[in-house]
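> below are the sequence and a predicted model; questions follow.
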Amino acid sequence: MTPDQARALMHEWTESPSLRTHMECVAACMAAYASLLAPGDEDRWVVAGLLHDFDYERHPTMEEHPFVGVRHLEAIGVDAETREAILGHAEYSGVARRTPMARALFAVDELAGFLVACAKVRPGGFADLEPKSVRKKLKDKAFAAAVSRDDVRVGFEELRPLLPEGFDESRHFQTCIEAIRTRIPEFSASPA
Ligand SMILES: [Fe+2]
């Protein structure tokens, strides 16, 4: 499946603009990590990002999401690694995150949502968002309270062993900020 095909499927199942944007943001972060951890495999990583929540609008319960979506992906021939990564991004699925793709997806999912929340309360949006203000906001439990701080932390801990020496949490935040800023048109505009 190509990213364009994944995007078409995602749009078919998802009407919500914010949920579409969330999947685009996660896909942007996946592209950034694919270029680091799986050069040449960028498209498959982007597809995992674009589809990780594609069934959520139709099937939001823990009984169905992401299982219904993944069954559909299997029926249309999406590869096992991508399906396993999508299952693994839901902690409650019990599916272990064994591959770099699965670990990256979990590491960027909650974080991408949190970064968008951070950018939304800044006059400059993503333009001048920096890791240190993200860290500060993470400590503010009332801010974007729905974002699991544990998932953000555990996600990076799982990814860290795959990353180059010295690639710390700040660099992880920076990588995702830049990925979203450069790849998502609505977050690329300079502040007014
Ligand atoms: Fe997500």
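All right, it came through fine. Owing to the predicted nature of the structure, the values given are computational and were not obtained by experimental measurement.
> now for the lowest-mean-pLDDT helix or strand in the chain, which elements pack on it?
Considering only helices and strands, the least confidently modelled element of the chain by mean pLDDT, DSSP states H and E is helix 185-188, at a mean of 90. Using 3 or more CB pairs under 8 Å, 6 or more residues apart in numbering; DSSP states H and E, the elements in contact with helix 185-188 are helix 169-183. For every residue, glycine as well, the C-beta is placed using N, CA and C.
> low-confidence ranges in the chain?
Counting by pLDDT under 70, the ranges of the chain that qualify are 189-192.
> for it, which residues are neighbours of the ion?
Proximity of the chain to the ion is confined to 53, 109 under the rule CB under 5 Å from the ion.
> let's go with 6 Å and repeat that
Counting by CB under 6 Å from the ion, the residues of the chain lying close to the ion are 22, 26, 52, 53, 109.
> ok and the helix or strand the second one falls within relative to helix 169-183, angle-wise?
So that's residue 26. Under DSSP states H and E, the secondary-structure element containing residue 26 is helix 17-37. Computed with axes from the mean of the first three to the mean of the last three CA atoms, to 10 degrees, the direction of helix 17-37 lies at 120 degrees from that of helix 169-183.
> what's the spacing between helix 17-37 and its chain's center?
Taking CA atoms, centre = their mean, to the nearest Å, one finds the center of helix 17-37 at 5 Å from the center of the full chain.
> packing partners of that helix?
On the basis of 3+ CB pairs under 8 Å, 6+ apart, helix 17-37 makes packing contacts with helix 3-13, helix 42-51, helix 100-120, helix 169-183.
> export those to a markdown table and tack on mean neighbour count?
Converted to a markdown table, these look like this (neighbours: other CB atoms under 10 Å):
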| stretch | mean neighbour count |
| --- | --- |
| helix 3-13 | 17 |
| helix 42-51 | 25 |
| helix 100-120 | 24 |
| helix 169-183 | 19 |
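> so for residue 81, which of those sits nearest?
Each of the helices and strands packed on helix 17-37 was checked against residue 81 via CB to CB, and the shortest separation belongs to helix 100-120, namely 6.0 Å.
> I'd like to know which elements the closest one is packed against.
Taking 3+ CB pairs under 8 Å, 6+ apart as the contact definition, the neighbouring helices and strands of helix 100-120 are helix 17-37, helix 42-51, helix 80-88, helix 131-139, helix 149-159, helix 169-183.
> okay if I get those helices as JSON lines plus distance to residue 71?
Below are the helices and strands packed on helix 100-120 laid out as JSON lines (distance: least, CB to CB, whole Å):
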{"stretch": "helix 17-37", "distance to residue 71": "19"}
{"stretch": "helix 42-51", "distance to residue 71": "13"}
{"stretch": "helix 80-88", "distance to residue 71": "9"}
{"stretch": "helix 131-139", "distance to residue 71": "35"}
{"stretch": "helix 149-159", "distance to residue 71": "24"}
{"stretch": "helix 169-183", "distance to residue 71": "29"}
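> and of the ones you listed, who's closest to residue 62?
helix 80-88 (12.6 Å).
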